[in-house]
Each structure stands twice: as structure tokens, then as C-alpha cells.
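# Quick one, what's the 3D model for this:
(chains A and B)
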Amino acid sequence: MEASERRVISVIVVNEASVLSRITDLFSGRGYNITSLTVAPIPDSKYSRLTIVTSGSIRVIEQITKQLHKLIPVLRVYEHADLVEKEMALVKFPITENITDISTLCEAYNGKIVNVGDNVIIVMVADEPKRVENFLQVIKRYNPKEIVRSGAVALER
Amino acid sequence: MQINGAQMVIEALIAEGVDTVFGYPGGAIMNVYDEIYKQNNFKHILTRHEQAAVHAAEGYSKASGKVGVAMITSGPGFTNAVTGLADAYMDSIPLVVISGQVPMSLIGTDAFQEIDAVGISRSCTKHNYLVTNAADLPRVLKEAFYIASSGRPGPVHVDIPKDVTAQIAEFDYSIELDLETYKPHIKGNPRQIKKAMEAIAKSRRPLFYLGGGIINSNAADEVRELVHKTGIPAVETFMARGTLSHDDDLLISMLGMHGSYAANMAMSETDLVIALGARFDDRVTGKLSEFAKNAGVIHVDIDPASISKLINADYPIVGDVKNVVKEMLELSSQVKPEKYASWRDTISKFDELHPLAYHEDTDRIKPQWVIERVGQLLGDDANISTDVGQHQMWTAQFYPFSRPRQFISSGGLGTMGFGFPAAMGVKSACPEKISVNFTGDGSILMNCQELMTAVEQKLPVINIILNNNFLGMVRQWQTLFYDKRHSETDLSVQPDFVKLSEAFGGIGYRVNTKEEFDAALKDAVEKNIVAFIDVVVERMENVMPMVPSGGSLFNMMLLEKKEK
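Coordinates of the predicted model:
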């Protein structure tokens, strides 16, 4: 087996019905793996940008980019090497946990408390995927009730 | 002009120069069929199954080089057609398949005969559309024909809800296409081509590996010229049969799983593979790590994703084979044909050692004999289709093809039931040629209802059934690799094929001897109506030589020498 590596691929597509399923079908149909996928329209254009985190050998990644490019609504495919990558996470804690500690931790990970209710608080962090991973490890001791991650977005430096 | 969606479909087909549409009507496509009734510009051929409509359109396209068109209804009409779409996708056949869909207001309600057609066809088409507004139809149909026929060709599916075919909108087919995201590379990189030609000039044992892309891009003339100018021997893939004529000295026959010993040995011994429009299919390469092990690779293909997918290309050239070969021809004077004389000799010796052959039998007809015999009797006068199985491989091995588009078969998907409807499509594209379909007793039953179409539309396809009362190819594998456990491949209980053909108004022959075969073929050609020639052949015959699945090309199972 060739070594499998984590890769981030950006895809610029025409904003049209079913374009997202064309992309995801290509992955599932060819047995490629999607770790995360984010998609949003590019402002003031008819295009959307997808950021796909995937993994595979060099050969597999090359096929993924080539096959993506073959899809008719795909304008461009970038396979990033040197990039700024960010991911967001929202976490819900019982209000009985140590809120000061949690708040301080959030700040270290570019985040803050975004909502306080009767029983729970919700915090957000936005950082590199690896650091978000770290944060989620660290906050385990505060008994998080729910965690949601956004998937990565990335831009070439 | 303001017309409804159904009329737009007709106008677009006329504007695209379509002369034949294969199809089957139903509720959701009825508006379009109503317009078909009113027009006289193209012919509609009513098949008896939607799968056959698409296969017929494939046969038509493969024989004519034009875009094939099929029309079907929603739900089961569409799902029946999926096999045809997948077949065309695998073999890069340009098709436009138009299906009806339930009205917009009913989409998503599990309505009668509703299915997510574009969801299903996405993975087996080059592109597809669900048209939600009649105003989009001119653009969509124009794009569909353009996308189907340009770049690496393929099937395009257009799904049109019933109310959209009734909707009135402006129709202007002179619109310019604006496909900024789809720009196929047609021209090869000149620097890469130059480097490739230098590599050829330096090589000692180069070998052309000719693929189906040559047929698709109508590049056979240029390829023949290049082969002859350089004096480099060539092997053909199954899909490329007919690129070089069977009597060409530089042709070493087909390579791959059932290729000739000489072709596979040449591929194993070459120092430079010159792949033109071929994609290194697993049925060609055998074990990848052993394939052309000590050779450099020049790979010309219009599809960038095909290059270095399986075998790393040292000289990748993305472009249309026809354009690239034309440029190669201009640089070909540096290649000296005399340099390869000893290489050609080596290959001739391979061929003398184990030529493509079979053992004659005095009691029973050998299937290979039937194919050779048809070749002797009809040769270039016939276009040859096949179904899928042993008969298909024997046809590729033993028929004397002399031109591109003479051989029409299901390569990539391997669809049993392809041959007969495809042969009808071939006949409608080339009425002046005799249309012969080699089939097996397994395959023919998969679309035999098309007897009715062939009789009604006067498409006199001659179906030659190589009848061994077996699902032959599976039986062969069971014999060789499953210790002769012939699980569910014995087809001893069979219909009377003569009566079957006659029941539909065709003609049938049961053939037990060579004399009977000659007489039956002669009679079928003269009578010029659809025929079944049911030839009783040796039951246990195997397709030889053979590279066992996943094995190396140079390790072939060969035809056993006959004891004297």
C-alpha cells in the first residue's frame, strides 16, 4: 500500500442545481474518502467554492483532482500545499461547569462564549483543524454535552 | 419563435441533423411523441425495449460516427435504459438520451412512474440535465450534443418533466454556447510530441498500442500512415479492431486476456510503448506490475484522467489522437524503419511459434470456423456486431476486419444483449452493408424481442448464434479455475430458435454441418430479412490463448498441441 496523506482540495464550481451531489457522487462512486466538506457561494459571482479534506496516496489524490476537473460544472481544482486553514467548532457545556476555565481555554483557541442559557453555555472556537482537535481533547474534563465541527476552509498563502 | 418544449426537442434534433431516433413512448414523454407524429424530418424506430433503443443508438453512432439519439419515458422507461447509458459511458460513445419526467408539481411525491432519473444517471453519463423551464431547453439541448460529441465522447442524458414539454417559450437555436468550465484539450503539447518522437527514434523495440480512441476520433488513416512510415509494429485493443487492416504486415493482432501470443510477447519485450487512445484496461494489461516492465511509455489520450491512472506515462500527451498523430507524422522522418527489422523478425517468430489457431473437428463445427467462414464469404461487405461472451472474443480474434467502425461490440461494460439491437442501429446507419451479429445462446435471449423491431422496420440483421448450450465464457472459467464445477451455466433447455425467429416474422435456420451453414448464410443474405442462424457448435471449446485474470501477459495458457 502506498502511503496515505491528508490533503485539502478546493473546487470552484458553477452555482447550479445538483452540483454538490455530482462532487460527492464522484467520491463515493470511486471509493474515495471525504473527511470534511464545506461549501458556500463566492461573493459577487456565479460560483461556489468547496473545500474538501480527503486522504489518499499521491496516485489517488491525482485521480481525485483529475476526475473532479472532468465534471462539466467544475471551473478549477486546487490541491493546496501551502495554505491557511481554519475550522470552527461549537460546544455545549452544562452551566454547572467551571465557566471561567472554559472561557479562558476558548480564548486560547481563538474563541469565546457565544450563548448562555438557564442550563447550558455554548462556546465557539475557530482555529486550525489540528488545534481544534486539541481543544476538543482538553475540554473533555468539563463534560461537553454536544460538539459540532464545521469542517475546514482554506486559502492558499 | 415561441413554441412549446416538445416542439423545441424536435426543432433541436432537426437542427443537429439527426436522421434517426430510437425510442419507446410513454406517459411522461407523450407531448414529444405527439410532435414526432407530426414531422417528416427524421425517422423514429420503435424498439420493443428501452435498453434496446439505447443499444441501437450506440450501434448507429459507432457505425456512423454521429451522435446517437434515444427517446424514452420516465420511471421504468428510464431505468430500462440505464444499462445502455452505462455501456455507452464505458465505451465513450456519443449519445443524447432524452427522457420524460413526471410534471414539476409531482416531482418528489413518489408519483406514478417517477424516479430520480438524473440521480441515477449521474454516475453513468458524461453529463446530465433536469430541465425545469422550457426557456432553458435550446441551450441544454445544444450543450448536450456538444458535450456528447466533443472531448472524450460520452452519453448525455436530458430529463424533461411533462409540463415543461407543454410550456411555451422562445426558441432560438442559433445561440452561442458559453461553456467556460468545459474546454477539452484538443491539441497536444508540441514540445511533448517532439520529445516523444525523439524517444521513438532512439528506441530499439518500440510498439504501437492502438486503442478505441483512434476509432472515436476518426484517426485511423493518420495512424495507418504513421505505422507504415515508421515501420513500427502495432497491437490493437479489442476496441481498436479494424484500425489496421487484418492483412497489414505491421499488425500483430489483438493483445490482452485473449490476445495473441505474439501481441502479448511483443508488449512484454518492447522498450517503448506508444499508446494511442488506449487506457490500459485491466483486460489488456493483466498484472500491472509486470506489464511492459522495461519499457518507456508514451501515452496520448484526450482524457487527462486516463493518463498515468494505471501505468505511469513518461511522455504524457493530452490531446485528440487525430491532431497529435498528424503532428507526429510531421516529425516522423527522424524515425528509420530499417532500424526495427530485427525487432519485426523477433515478433514474426513469436507468431510462428504460437499463431492464433484452433483445432478443426470433423464431427462438429468449431465456433471459430464459423467466424472465419463468414469472413471469407462476406469480408468487408459486412459490418460485424457481437454480444458478450466467448463468441465475442473469437470474433475479435478471427474475423478479418479491414476498416474502422466495421466491428461494433460492448467492450468496457461487457453487456450481454447488446449485439442484436446494436446491429439494427448499425444497419440503419449503413444500409448498404450486410449487418451480422455474432451471438451466443445465452446473449441472444437477453434482447430477442427486437426480432419484432427488425421485422417491422426492415432491418435485416443476420444473427449467427454460436450455440453450445452453455453460458460459454463462465463455463470456461469454471472449467479452468473452479475444478469443472459448472454451476448454473448449462443452458441445455432452450427455445427452438428457428421457430422463435419465425414467430416474429423472421427466418430461422438450424445448422449442424458446414455445408448447411454456407447454404443458410447465402439464403439469409439473399432473402434480406432478419434471420437467426442457430449453429450447433462444439460444447466444450475454450477461447485460447488466455491470460488468467490478474496474471502476466507473458504467462499465457496456450492452445494445446494436437496429438497426431
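# Flag every residue of chain B that's near chain A.
Chain B comes close to chain A at residues B:118-119, B:122-123, B:126-127, B:130, B:132, B:147, B:179-182, B:303-305, B:308-309, as judged by CB under 8 Å from any CB of the partner chain. For the C-beta atoms, the positions are set from N, CA and C on the backbone; glycine is no exception.
# now do 6 Å
Within chain B, the positions lying close to chain A (CB under 6 Å from any CB of the partner chain) are B:122, B:123, B:127, B:181, B:182, B:304, B:305.
# Please tell me how far residue B:366 sits from residue B:28.
49 Å (CB to CB, to the nearest Å).
# what sits against the residue nearest to residue B:160 when sequence neighbours are not counted?
Leaving aside its sequence neighbours, residue B:160 sits nearest to residue B:131 (CB to CB, 6 or more residues apart in numbering or on different chains; 4.9 Å). With contacts defined as CB atoms under 6 Å, 6 or more residues apart in numbering or on different chains, residue B:131 is in contact with B:137, B:140, B:160, B:164.
# for the residues you listed, which one is nearest chain A?
Nearest to chain A among the contacts of residue B:131, counting by CB to the nearest CB, is residue B:140 at 11.5 Å.
# elements contacting whichever helix or strand that closest one is part of?
For residue B:140, the host element (DSSP states H and E) is helix B:137-149. Applying 3 or more CB pairs under 6 Å, 6 or more residues apart in numbering or on different chains; DSSP states H and E, one finds that helix B:137-149 makes contact with helix B:5-15, strand B:95-101, strand B:155-161.
# Check what pLDDT residue B:298 gets.
At residue B:298, the model reports a pLDDT of 98.
# how much does the helix holding residue B:140 deviate in direction from strand B:155-161?
Helix B:137-149 and strand B:155-161 meet at an angle of 160 degrees, taking axes from the mean of the first three to the mean of the last three CA atoms, to 10 degrees as the criterion.
# what does helix B:137-149 rub up against?
B:5, B:8, B:12, B:16, B:67, B:94, B:96, B:127, B:129, B:131, B:156, B:158, B:171, B:173, B:177.
# repeat that for 8 Å
A:72, B:5, B:8-9, B:12, B:16, B:67, B:94-96, B:126-127, B:129, B:131, B:154-156, B:158, B:160, B:164, B:169, B:171-173, B:175, B:177, B:179, B:182 (CB atoms under 8 Å, 6 or more residues apart in numbering or on different chains).
# Write the PyMOL selection for whichever of those are buried.
In PyMOL, a selection of the buried entries from the contacts of helix B:137-149 looks like this (16 or more other CB atoms under 10 Å in any protein chain shown):
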select buried, (chain A and resi 72) or (chain B and resi 5+8+9+12+16+67+94+95+96+126+127+129+131+154+155+156+158+160+164+169+171+173+182)
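# Show me which positions of stretch B:533-548 end up buried.
Buried residues in stretch B:533-548 (16+ other CB under 10 Å): B:533-538, B:541-547.
# before we move on, what about stretch A:146-157?
So, applying 16+ other CB under 10 Å, buried residues of stretch A:146-157: A:149, A:150, A:151, A:152, A:153, A:154.
# Touching, the fifth one and residue A:86? I think so.
So that's residue A:153. Yes - look at residue A:153 against residue A:86 with CB atoms under 8 Å: they come within range, at 5.8 Å.
# okay, now residue B:395: neighbour count?
The number of residues packed near residue B:395 is 31, by other CB atoms under 10 Å in any protein chain shown.
# how close does it sit to residue B:430?
Taking CB to CB, one finds residue B:395 at 18 Å from residue B:430.
# cool, residue A:29 as well?
36 Å.
# The two: who's more crowded?
residue B:430 (17 against 12).
# give me the number of residues near the residue nearest to residue B:410 when sequence neighbours are not counted?
In space, residue B:410 comes closest to residue B:418 once its chain neighbours are excluded; the distance is 4.0 Å by CB to CB, 6+ apart. Neighbour count of residue B:418, defined by other CB under 10 Å: 34.
# And the pLDDT for residue B:418?
Residue B:418 is given a pLDDT of 98.
# And for residue A:2?
Value listed for residue A:2 in the pLDDT field: 72.
# That one - how many residues pack around it?
9.
# Sticking with residue B:120, tell me its helix or strand.
Assigned by DSSP H and E, residue B:120 falls in helix B:117-121.
# got a list of contacts for that helix?
By CB under 8 Å, 6+ apart, the list of residues contacting helix B:117-121 from outside reads A:18, A:21, B:74, B:78-79, B:82, B:85, B:99, B:101, B:128-130, B:157, B:159.
# Give me the helices and strands touching the following helix or strand past it, please.
Going down the chain from helix B:117-121, the next helix or strand is strand B:127-130, by DSSP H and E. Other elements packing on strand B:127-130 under the criterion 3 or more CB pairs under 8 Å, 6 or more residues apart in numbering or on different chains; DSSP states H and E are helix B:117-121, helix B:137-149, strand B:155-161.
# Quick one: mean pLDDT for the shortest one?
Per-region confidence: helix B:117-121 scores 97 on mean pLDDT.
# can you pull the buried residues of it?
Using 16+ other CB under 10 Å as the test for burial, helix B:117-121 gives B:117, B:118, B:120, B:121.
# For the buried residues of stretch B:533-548, please prepare JSON lines with the additional fields secondary structure and pLDDT.
Formatted as JSON lines, these follow (DSSP: H, G, I helix; E, B strand; the rest coil; pLDDT from 0 to 100):
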{"residue": "B:533", "secondary structure": "strand", "pLDDT": "98"}
{"residue": "B:534", "secondary structure": "strand", "pLDDT": "98"}
{"residue": "B:535", "secondary structure": "strand", "pLDDT": "98"}
{"residue": "B:536", "secondary structure": "strand", "pLDDT": "97"}
{"residue": "B:537", "secondary structure": "strand", "pLDDT": "97"}
{"residue": "B:538", "secondary structure": "coil", "pLDDT": "95"}
{"residue": "B:541", "secondary structure": "coil", "pLDDT": "96"}
{"residue": "B:542", "secondary structure": "coil", "pLDDT": "97"}
{"residue": "B:543", "secondary structure": "coil", "pLDDT": "97"}
{"residue": "B:544", "secondary structure": "coil", "pLDDT": "97"}
{"residue": "B:545", "secondary structure": "coil", "pLDDT": "97"}
{"residue": "B:546", "secondary structure": "strand", "pLDDT": "97"}
{"residue": "B:547", "secondary structure": "coil", "pLDDT": "96"}
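# In JSON lines: those residues, plus distance to residue B:106.
Below are the buried residues of stretch B:533-548 laid out as JSON lines (distance: CB to CB, whole Å):
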{"residue": "B:533", "distance to residue B:106": "48"}
{"residue": "B:534", "distance to residue B:106": "47"}
{"residue": "B:535", "distance to residue B:106": "51"}
{"residue": "B:536", "distance to residue B:106": "53"}
{"residue": "B:537", "distance to residue B:106": "52"}
{"residue": "B:538", "distance to residue B:106": "56"}
{"residue": "B:541", "distance to residue B:106": "54"}
{"residue": "B:542", "distance to residue B:106": "53"}
{"residue": "B:543", "distance to residue B:106": "50"}
{"residue": "B:544", "distance to residue B:106": "56"}
{"residue": "B:545", "distance to residue B:106": "56"}
{"residue": "B:546", "distance to residue B:106": "52"}
{"residue": "B:547", "distance to residue B:106": "52"}
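# Closest one of those to chain A?
Ranked by distance to chain A (CB to the nearest CB), the buried residues of stretch B:533-548 are led by residue B:547 at 23.8 Å.
# Next one: residue A:102 from residue B:165, what distance?
For residue A:102, the distance to residue B:165 equals 60 Å [CB to CB].
# How about residue 84, nearest residue that isn't a chain neighbour?
Just so you know, I chose chain A. residue A:155 (5.3 Å).
# Chain B is the one I meant
residue B:54 (2.4 Å).
# Check the secondary structure at that neighbour for me.
Here residue B:54 is recorded as helix under DSSP: H, G, I helix; E, B strand; the rest coil.
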